[in-house]
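> my questions concern the predicted model and sequence given below.
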Amino acid sequence: MTGHQPTPLPRLAATLRRLPPSCGPVRLIAVDGHAGSGKSTFARLLAEALGGAPVLRLDDIASHTELFDWTDRLLRRIVEPLSRGESARHETYDWTARRFGPDELTLPPSPVVIVEGVGAGRRALRPHLAALLWMDMPREEAWQRGRRRDGTVQSDFWDGWEPAELRHFTEDPSRPFAHLLVRQCPEGYEVLSGPDEAQAGTQIVTESEGPSAVR
């Protein structure tokens, strides 16, 4: 994106820390977007800018048979404990063995916790979110990137995933409710106000600080 300046992630992190808690003592931040749009990488960098914030990958609670039907599991095992100021624990899904466990994830009720994955901004979760960030990449471009990343060995999975994702976002769209849009640029990320600008103070992240931006 020629002419656009990247947003310093420390500035974004500071803005998110100032938001009021949304899930008990926790500021739950969702990073949503199409598969292949770069959610995991961005969430990792944002977590680092937040000083090591915990990250829940939705891949750890979804499964082959429940690509999107994991709302109850997420609310019961993750959101409810965090809302009580307790650590959340859940067995992670093994996509090779096609079963949950034996590994377990633990999410402490830190000041900021990131939820990253397709559907992180779904309707049932939004009341518990301090902010919803949307990776603003067109669907077809994101899917092509994802297919290139995963190779031909995962082509059958992608053939089933694409219509499932399209159906999910048709029935339960996230982007219209995003507080911030995140766009990848050659030198980092550009963060812009989203369709839902209800979160006070978020516009500060659109200001550029040039060389201090994350590379």
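Yep, it's here.

> now the strands for this protein?
Assigned by DSSP state E, the strands in the chain fall at 27-32, 55-57, 88-94, 99-107, 112-116, 131-135, 180-185, 188-193.

> how far out from the middle of the chain is the second one?
So the one you mean is strand 55-57. Relative to the centre of its chain, strand 55-57 is centred 8 Å away, using C-alpha atoms, centre = their mean, to the nearest Å.

> what's the distance between the residue nearest the centre of the chain and residue 121?
Centroid-nearest residue in the chain: residue 31, 2.0 Å away (criterion: C-alpha atoms, centre = their mean). Note on residue 31: its distance to residue 121, by C-beta to C-beta, to the nearest Å, is 9 Å. (Glycine included, C-beta is placed from N, CA and C.)

> gap between residue 9 and residue 47?
10 Å.

> with residue 146 instead?
Residue 146 is 21 Å from residue 47, where distance means C-beta to C-beta.

> among those two, which residue is more densely surrounded?
More neighbours surround residue 47 than the other of residue 146 and residue 47, with 21 against 18 (other C-beta atoms under 10 Å).

> so what's the residue count around the closest residue to the more buried one other than its chain neighbours?
Of all residues not flanking residue 47 in the chain, residue 53 sits nearest, at 4.5 Å (C-beta to C-beta, 6 or more residues apart in numbering). Using other C-beta under 10 Å, residue 53 is surrounded by 20 other residues.

> same thing with residue 97?
9.

> so how far is residue 152 from it?
21 Å.

> give me the distance between residue 68 and residue 35.
12 Å.

> do residue 167 as well
On the measure of C-beta to C-beta, residue 167 and residue 35 end up 13 Å apart.

> more neighbours: which of the two?
Taking neighbours as other C-beta under 10 Å, residue 167 and residue 35 compare with residue 35 leading, 20 against 12.

> residue contacts, the more buried one?
118, 142, 143, 146, 161, 165 (C-beta atoms under 8 Å, 6 or more residues apart in numbering).

> hmm, residue 103 is touching residue 97, no?
No. If you go by C-beta atoms under 8 Å, residue 103 and residue 97 don't touch, sitting 10.6 Å apart.

> isn't residue 196 up against residue 132?
Yes. In this structure residue 196 lies within contact range of residue 132 using C-beta under 8 Å: 7.4 Å.

> which neighbours do these two have in common?
Common neighbours of residue 196 and residue 132 are listed as 177, 178, 179 (criterion: C-beta under 8 Å, 6+ apart).

> tell me the one of the residues you listed nearest residue 42?
residue 178 (13.4 Å; C-beta to C-beta).

> show me where the protein has its helices.
Using DSSP state H, the helices assigned to the chain run over residues 9-18, 39-49, 71-74, 80-83, 139-150, 155-171.

> just give the number of residues close to residue 138.
Residue 138 is flanked by 10 other residues according to other C-beta under 10 Å.

> how about it, what does it touch?
Taking C-beta under 8 Å, 6+ apart as the test, what residue 138 contacts is residue 34.

> with residue 47 instead?
Taking C-beta under 8 Å, 6+ apart, one finds 53, 54, 55, 114 in contact with residue 47.

> equivalent analysis for residue 149, please.
Contacts of residue 149 (C-beta under 8 Å, 6+ apart): residue 36.
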